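S.K.: just coords:
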């Protein structure tokens, strides 16, 4: 039960941060990517500040948390151990970036935006889920290869 409560609290804080920072607004995100708009005054650097702040908080958080022998709600830490840049990672990152640049949504901004009552986040999240299902089906039909845990 504690694990669920902690997960809920973390998700609530994350979602609130996304909404407060304006990152659930795709126009704000797309204005960051519009580097050509610098001369016209439409470029919005706020996404860089949000990302920079998140990196600082994460770096400090990792340093503090990893001093503990285990997390609060699990027996051990589950950190990524894969260090190889493979086609799946690069392809997934490319698809993520292309989708973010086209729609102005990333999963972290779209899920909290579902609560705003607009159709765009619903369409984005629905198609994202369909893409996840398709990727899983393609992966299960592909020849077996080692998977990261």
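M.R.: Ah, there it is. Keep in mind the model is a prediction, meaning the values are calculated, not measured. Numbers count the residues shown, from 1 in each chain.
S.K.: where do the strands sit along the chain?
M.R.: Under the criterion DSSP state E, the chain carries no strands.
S.K.: which residue packs closest to the spatially most central residue of the chain, ignoring adjacent ones?
M.R.: In the chain, the residue lying closest to the centroid (CA atoms, centre = their mean) is residue 108, at 4.3 Å. By the measure of CB to CB, 6 or more residues apart in numbering, the closest residue to residue 108 outside its immediate chain neighbours is residue 18, 6.1 Å from it. C-beta here means a position set from N, CA and C on the backbone, and glycine is covered the same way.
S.K.: which residues touch that neighbour?
M.R.: By CB atoms under 8 Å, 6 or more residues apart in numbering, the contact set of residue 18 is 24, 108-109, 112-113.
S.K.: gap between it and residue 115?
M.R.: Distance of residue 18 to residue 115, computed by CB to CB, to the nearest Å: 11 Å.
S.K.: and what of residue 19?
M.R.: Residue 19 sits 8 Å away from residue 115, going by CB to CB.
S.K.: for this structure, longest helix please?
M.R.: Using DSSP state H, we find that the single longest helix of the chain is helix 119-141.
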